[in-house]
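> Mind looking at a prediction? Sequence and model below.
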Amino acid sequence: MPMQSRQSDGARLGFELQLAAPRLMNKRRAAPRDPKQNMSKEFAVKSKALALTQPARGQFGLLHAFVLAVGMVFAAAQMAPAQDRPATFADLAEKVSPSVVNITTTTVVAASTGPQGIVPEGSPFEDFFKNMPNDRGAPRSATALGSGFVISSDGYIVTNNHVIEGADEIQIEFFSGDTRPATLVGTDPVVDIALLKVDTTGLPHVNFGDSDTARVGDWVMAMGNPLGQGFSVSAGIVSARNRELQGQYDDYIQTDAAINRGNSGGPLFNMDGEVIGVNTAILSPNGGSIGIGFSMASNVVKSVVDQLKEFGETRRGWLGVRIQDITPDMVEAIVGLTSTQGALVTDVPDGPSKDAGILSGDVIVSFDGQEVADTRELVRMVGAAPVGKAVPVQVLRNGELTDLTVTLGRRETAEAASAPQNAAPVEPETKELLGLTLSEITPQLTEELQLTQTEGLVITNVAAGSDAEGKGLKAGDVITEAGQQRVMTLSDLEDRIDEATEAGRKSLLLLIRRGGDPRFVALTIE
């Protein structure tokens, strides 16, 4: 299966490309070499045809000239898009190359603690091997290569965290050949970014561009140190935007510009010479570049770099809620909701949102004046906001929009766990509703099903073929809300079902907790 990997050796794929090239060239020999030449011949033929059929009168000759001129202008306009393709990347490469660096890291590896004996004690070869040099007890050094780029004249350099992670020494090689040691300012493993500093001034540097303006199909150029070759250039286009690999703050630009081992941390340039991405990963079935590379978007990187430069660490905003995406079957079950846009609040532990009055079941539709498309976008918006900022948040609650103000906490130090609540024990009662066998929580069921919830209705069985089974519910799940209202007893749930039926709804929204993790599920009312 294809796997995501950091930049890897592409030698095998390069060999395959070399074999494929002659085939491409052979196919081209059968086609005309110069399309413009064909167009010129086509115009000449059309002009001759028009000349043969041209009437003798002058006014028609003027008309003919006008029509021909319009046709040529139209043809030129048709050819205009092809002129957007850069004739060469040489000027751009010459402009930005002095700002790109090679990075070499050295890590001291601890001595081996394995068996030291080579031959058994008492062997006739013991004296021979005893006199041989043995460095198994000595530590050794391991080196690794990567890329980076200078962002200020006073020596700040951006690269990937995985390039320098665990390094004891970091050496920077500049385009001029000068080599200098670097110190680590700070790292952010979440988006794989590190900020370095060399003690010098007057360095050529590049600026970050606005990655949000990059369009699919735009030309881009990658630079770096692939396979240790040093200061290598590759070009391609933006293949896709807003890719997510594994992190909640991921915003990768996908490109077909070649990225291999050693390109990590290098810049991805637009045609204006601005950095719009940091080359980070590839998708490959064989470890080599197959034209699917990923660069972390500059708008994410710039925010991280600013924090590392100021604080030496990241300080992301924290809203203090648990959220989930809205599915199509939830739209009909939530009053006032007309689309899947927004983020559904599943839990509000102690923190900023609880202090601001946000409730479980609220749908966050806007944050700091910007519409919220889904949970991923909300997480990125909150993370990019300054700690301590008072942010306007708009939520949909019971069919009406409510405006609130949340003062953001800091994610890195926040405690998201809510304190468990204790409920008085009650006599168990069992009922079958919505394809579920339900019971109120008892100490016996708590121990038997290892429940973490003390309030709500526990599912003891799920009917085969039911909507509940199709939605993934199982024994041990606990229903804590129905119709965005708290449920403590079976009669509470029956009341919510009756209310939804009387309102003409076809489904009921339930808040399910499994092992303490909440999620909403809309079940069909049978």
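Done, it's in. Residues are numbered from 1 along each chain as shown.
> Give me the residue ranges of the protein where confidence is low.
Within the chain, the ranges that satisfy pLDDT under 70 run 1-84, 109-138, 246, 285-288, 415-428, 516, 526.
> repeat that for 50
1-60, 62-63, 65, 67, 70, 73-83, 114-115, 117, 119, 415-426 (pLDDT under 50).
> domain assignment for the chain?
According to automatic domain parsing, the chain comprises the domains 88-109+138-314, 317-413, 430-524.
> Turn the ones you listed into JSON lines, including mean neighbour count.
C-beta: built from backbone N, CA, C; applies to glycine. Compiled in JSON lines, the domains of the chain are given as follows (neighbours: other Cβ atoms under 10 Å):
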{"stretch": "domain 88-109+138-314", "mean neighbour count": "19"}
{"stretch": "domain 317-413", "mean neighbour count": "18"}
{"stretch": "domain 430-524", "mean neighbour count": "17"}
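> Just the element for residue 383, please.
helix 375-384 (DSSP states H and E).
> That helix - contacts with which helices or strands?
helix 298-311, strand 317-318, strand 322-324, strand 363-367 (3 or more Cβ pairs under 8 Å, 6 or more residues apart in numbering; DSSP states H and E).
> Can you dump the C-alpha atoms of it in PDB for me?
Only the C-alpha atoms of helix 375-384 are listed here, as PDB (Å, rounded to 0.1, in the frame of the first residue of the first chain):
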ATOM      1  CA  THR A 375     -14.200  21.400  12.800                       C
ATOM      2  CA  ARG A 376     -10.900  21.300  11.000                       C
ATOM      3  CA  GLU A 377     -11.200  25.000  10.000                       C
ATOM      4  CA  LEU A 378     -12.300  26.000  13.500                       C
ATOM      5  CA  VAL A 379      -9.300  24.300  15.100                       C
ATOM      6  CA  ARG A 380      -6.900  26.100  12.800                       C
ATOM      7  CA  MET A 381      -8.600  29.400  13.400                       C
ATOM      8  CA  VAL A 382      -8.500  29.100  17.200                       C
ATOM      9  CA  GLY A 383      -4.900  27.800  17.100                       C
ATOM     10  CA  ALA A 384      -3.800  30.900  15.100                       C
END
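> Can you list the strands that the next helix or strand after that helix pairs with?
Scanning forward in sequence from helix 375-384 by DSSP H and E, the next helix or strand is strand 390-397. Neighbouring strands of strand 390-397 in its sheet, by DSSP bridges, are strand 363-367 (antiparallel), strand 400-407 (antiparallel).
> What lies in contact with strand 390-397?
317, 319, 334, 336-337, 342, 345, 356, 358-359, 361-369, 385, 401-408 (Cβ atoms under 8 Å, 6 or more residues apart in numbering).
> same thing with stretch 515-522?
322, 324, 327, 329-330, 332-333, 344, 346-347, 360, 452-453, 468, 471-473, 480, 507-512.
> Distance from that stretch to the middle of the chain?
25 Å (Cα atoms, centre = their mean, to the nearest Å).
> do the same with stretch 186-193
With Cα atoms, centre = their mean, you get 13 Å for stretch 186-193.
> That stretch: end-to-end distance?
9 Å (Cα to Cα, to the nearest Å).
> That concludes my questions; thank you for your assistance.
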